[in-house]
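Student: need coordinates for the following:
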Amino acid sequence: MTQRAKIDTDGSEAEAVGPPVVHRPAGLTSAEVAERVARGEVNDVPVRSSRSTKDIVRGNVFTRFNAIIGVLWVIMLIVAPIQDSLFGFVIIANTGIGIIQELRAKKTLDGLAVIGEAKPTVRRDGVAAELSTSEIVLGDLIELGPGDKVVVDGEVAEADSLEIDESLLTGEADPVVKKPGDPMMSGSFVVAGGGAFTATKVGREAYAAQLAEEASRFTLVHSELRTGISTILKYVTWMMIPTAIGLVISQLVVKDDNFKDAIARTVGGIVPMIPEGLVLLTSVAFAIGVVRLGRKQCLVQELPAIEGLARVDVVCLDKTGTLTEGGMDVTEVRPLGGADETYVRTVLGAFGESDPRPNASLQAIIDAYPDTVEWRCTEALPFSSARKYSGAAFSEGNGENSTWLLGAPDVLLPAGDPTLTEIDHLNEQGLRVLLLARTANELDSPEVATGAHPTALVVLEQRLRPDAADTLAYFADQNVATKVISGDNAVSVGAVAGKLDMPGAANTVDARTLPTDREEMAKVLDENAVFGRVTPQQKRDMVAALQSHGHTVAMTGDGVNDVLALKDADIGVSMGSGSEATRAVAQIVLLNNSFATLPSVVAEGRRVIGNITRVATLFLTKTVYSVLLAVLVVCSQVEYPFLPRHLTLLSTLTIGIPAFFLALAPNKERAKPNFVRRVMRYAIPGGVIAAAATFTTYLLARHHYSGEGALEAETSAATLTLFLVSMWVLAIIARPYTWWRLTLVATMGGAFLLVLVVPWLQDFFALKLVGTTLPWAAVAIAAAGGLLLEVAWRWVDRRFPA
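Tutor: Residues are numbered from 1 along each chain as shown. Predicted coordinates for the structure are as follows:
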């Protein structure tokens, strides 16, 4: 920490011999740390991570539907041949696949979480070193700088113009100035200045620890997809119960002479009502998405973020660190009003001492102009995104004292100042311009910038990210609006956006002119794309305004000024090199700092949602026709047409295998809301038509066949119709066709044909078509059902658009 002395009002130093020697606390000794570890006074809150292995196994094994199917499976193993118990083995395989895929996702996430974990600087034995948050002990001295997150509760030990944002905890928007002895709450973060604090509460005792632990868990909840599926499953369960009871009673009455066969056919009617693979496929699709993104160094901190980003229609970008790389270069210093250039360079060199943790602009100045030993910084005003400038007071080594400000020219200069015209020309080239101004006011005065005398312009060149243009083009192609929201000069931001061929870059808006009314602000945001001189609070307001117009908003950023907006956005995306605070609140962290990774995340989310919507229709069509068939059987007082083996075969060929491939296929369509409505509008007509066609064939077969083996022949004819109608549903769902989708549909059809022609498979599945009249009638009824499907789904598209 830089040593400073306060300047007295008369301009002389408080001590003629120089600033007082400040003795920094050394922190705990190694022995003291060991004692606290032995007493268990360690910050043992787990890092943001995935579900435990135990939770994953429990979540996949102990489900409501697994319990129902498990009981039915045990019954079938007792009363029927093994062929009728195949559905139980399918469930075991499904559960195993789900566990394996989630464990793979867990391994990926845990590895990335360690890479992305914030490591606070802790002072021990007088030496500062970065430690994992879990290594902090009670009484540790933790250093802070801009953007650092307060990881445990404590008390301020050192404060150097330390400003803390506690809005995520208290809702208070204004930063709080902290002085030695003041309390610090975990979950807050530094917006300006620096200092150190002593940990007074660690682990689960800390203010935000319990909250953070719950919020940080790798979870499958709080997504429209999961909520929609849960809603569907709830209604399916309520439909199943009365239908199943009616089916049990009717089959026992109809088959009073054959109890075991009655039980087998009852189970055959209940099992297909359960869309057991839907939850599995959703979990697997998300888990595989996490693994795929993990390979690209993208850490998904909250799983629904994959889904959320697929629904995004507006991406708000912070220019610095997103469109441009973090570093900058000083290209020119222009003295103003006849100022001596050598003197200006000396002032700029001395500025490097004023902030122990410089931002990118000050770092570029430090690199260009090394510090001079004669000048000493006696007081500092750290840079703040809200005020747009920093300041420092110096003892120049010759008895002279001076106070300087460095920051945004259009903030430090009055409107209409001729220097602003010169600055605009530089901004139009995409250059960043800082003003060095001398002030006669004290740094702690609210009027410090009033009457500041402009001395020089510092021109900085920003390095554009090489992949930024392609990424912006991708979003434009995908109909995702991009908004650049930056604290920099609006003209300069627009010039940078223009170099990247961003739509709307020519019309830049100075955020200081934005209306405060949310509705009015939303209109301006909809009409424009580039905004400059935006304060952190305005970023938050802008996100809220866009959301008020029905937009799903993603916010990217890496600085402390982006934290509030990241937290409020539907999806927060942080760079891996960003501040601890931004990484903590973001749902997605790009550990490779590459903006170009975002399209991969969007594509992954679209693949998951689009495909789950697609395959959910398959599963729920089966549920609808199963329930309707059971109702028709109960009302008609006839035997249920199928054994479990028949519907296991049909489910595998028309749903299980195809759904697995379709769920993992590429899908670029932007996710749409109303998941339940969009799925059921197809599943209900599809299920009704399949049930009607199948039951029609079954009734015809009952009149056509008689004598021994009649029931097997009736079942085979009904199975043929149901298979063909289900294949038609699959063929519609698989559109638009590609070579592999056509191959998939053809392979499933070929597999069923194989069962019909291979003798031992005929016996195994009890499927044998008798004669030619009824099998062809079954085909004709299925064809009519297929045509009806085409008409019904086209009508649904027009009547109930998605």
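
Student: just confirm Gly40 is within a strand.
Tutor: No - residue state for Gly40 (DSSP: H, G, I helix; E, B strand; the rest coil) corresponds to coil; a strand is not indicated.

Student: how near is it to Thr556?
Tutor: As judged by CB to CB, to the nearest Å, Gly40 and Thr556 stand 40 Å apart. (Glycine included, C-beta is placed from N, CA and C.)

Student: so which of the two has more stuff around it?
Tutor: Legend: neighbour count by other CB atoms under 10 Å for Gly40 and Thr556, higher for Thr556 (29 against 11).

Student: specify the beta-bridge partners of the nearest residue to that one once chain neighbours are set aside.
Tutor: Nearest-residue entry for Thr556: Val573, 4.3 Å, with adjacent residues in sequence omitted and distances by CB to CB, 6 or more residues apart in numbering. Per DSSP bridges, the residues bridged to Val573 are Thr556, Ile588.

Student: start the count at 3 instead of 1 going forward.
Tutor: All set: I'll call the first residue 3, so the last point we hit is now Val575.

Student: go ahead and confirm Val575 touches Ile590.
Tutor: Yes - Val575 is in contact with Ile590 according to CB atoms under 8 Å; the separation is 4.7 Å.

Student: and for the two, which residues touch both?
Tutor: Leu311, Val603 (CB atoms under 8 Å, 6 or more residues apart in numbering).

Student: where does Val461 land in three-state SS?
Tutor: Under three-state DSSP, Val461 comes out as strand.

Student: how about the contacts made by it?
Tutor: Contacts of Val461 by CB under 8 Å, 6+ apart are Val332, Thr333, Glu334, Val335, Arg336, Leu428, Leu433, Arg434, Val435.

Student: my read is the third one is in a strand, agree?
Tutor: Yes - for Glu334, which was evaluated using three-state DSSP, the result is membership in a strand.

Student: could you measure it against Val435, distance?
Tutor: From Glu334 to Val435 the distance is 10 Å (CB to CB).

Student: okay, these two: which has more neighbours?
Tutor: Val435 (26 against 12).

Student: list the beta-bridge partners for the more buried one.
Tutor: Note on Val435: beta-bridge partners by DSSP bridges are Val461.

Student: any idea how far it is from Asn530?
Tutor: 22 Å.

Student: from the centroid of this structure, which residue is nearest?
Tutor: Ala307 (2.2 Å; CA atoms, centre = their mean).

Student: contacts only, for that residue.
Tutor: Ile573, Gln589, Ile590.

Student: just give me the neighbour total for the last one.
Tutor: Spelled out, that is Ile590. If you count neighbours by other CB under 10 Å, Ile590 ends up with 23.

Student: after the strand or helix carrying Leu311 comes which helix or strand?
Tutor: Secondary structure from DSSP states H and E places Leu311 in helix 306-313. Next along the chain after helix 306-313, taking DSSP H and E as the criterion, comes strand 316-319.

Student: that next one packs against which elements?
Tutor: strand 483-487, helix 538-550, strand 555-559 (3 or more CB pairs under 8 Å, 6 or more residues apart in numbering; DSSP states H and E).

Student: between Glu334 and Val435, what contacts are shared?
Tutor: Shared contacts of Glu334 and Val435, counting by CB under 8 Å, 6+ apart, come down to Leu459, Val460, Val461.

Student: show me what contacts the residue nearest to the first one when sequence neighbours are not counted?
Tutor: Meaning Leu459. Leaving aside its chain neighbours, Leu459 sits nearest to Arg336 (4.3 Å; criterion: CB to CB, 6+ apart). Listed by CB under 8 Å, 6+ apart, the contact partners of Arg336 are Glu424, Ala458, Leu459, Val461.

Student: against Glu34, how distant is the first one?
Tutor: Spelled out, that is Glu424. 58 Å.

Student: how about the third one?
Tutor: Taking CB to CB as the measure, Leu459 and Glu34 are separated by 51 Å.

Student: check the second one too.
Tutor: Distance, Ala458 to Glu34, by CB to CB: 50 Å.

Student: the two: who's more crowded?
Tutor: Ala458 (24 against 16).

Student: buried residues in the helix or strand harbouring the more buried one?
Tutor: Remark: Ala458 resides in strand 455-466, with elements defined by DSSP H and E. For strand 455-466, the neighbour count (16 or more other CB atoms under 10 Å) marks Pro456, Thr457, Ala458, Leu459, Val460, Val461, Leu462, Glu463, Gln464 as buried.

Student: if you count contacts, what does the helix or strand that comes right after that strand end up packed against?
Tutor: Using DSSP H and E, the helix or strand that follows strand 455-466 in sequence is helix 470-479. Applying 3+ CB pairs under 8 Å, 6+ apart, one finds that helix 470-479 contacts strand 483-487, helix 600-638.

Student: in its sheet, what does the first one sit against?
Tutor: By that I understand strand 483-487. Neighbouring strands of strand 483-487 in its sheet, by DSSP bridges, are strand 316-319 (parallel), strand 532-534 (parallel).

Student: export those as JSON lines, with columns for mean neighbour count.
Tutor: Converted to JSON lines, the strands paired with strand 483-487 look like this (neighbours: other CB atoms under 10 Å):
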{"stretch": "strand 316-319", "mean neighbour count": "26"}
{"stretch": "strand 532-534", "mean neighbour count": "26"}
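
Student: how about the ones you listed in CSV, adding distance to Ala794 and mean pLDDT?
Tutor: CSV is the format used below for the strands paired with strand 483-487 (distance: least, CB to CB, whole Å; pLDDT from 0 to 100):
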stretch, distance to Ala794, mean pLDDT
strand 316-319, 36, 90
strand 532-534, 48, 90
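
Student: out of those, which gets nearest to Leu600?
Tutor: The closest of the strands paired with strand 483-487 to Leu600 is strand 316-319. By CB to CB, the value is 7.6 Å.

Student: list the residues that contact the nearest residue to Leu592 once chain neighbours are set aside.
Tutor: Of all residues not flanking Leu592 in the chain, Thr599 sits nearest, at 4.9 Å (CB to CB, 6+ apart). Residues near Thr599 by CB under 8 Å, 6+ apart: Leu295, Lys298, Gln299, Cys300, Leu592.

Student: let me know the pLDDT of the last one.
Tutor: Model confidence at Leu592, given as pLDDT, is 86.

Student: what is the neighbour count of it?
Tutor: Using other CB under 10 Å: Leu592 sits among 28 other residues.

Student: wait, doesn't it sit right on Ser576?
Tutor: Yes - using CB under 8 Å, Leu592 is in contact with Ser576, at 7.2 Å.
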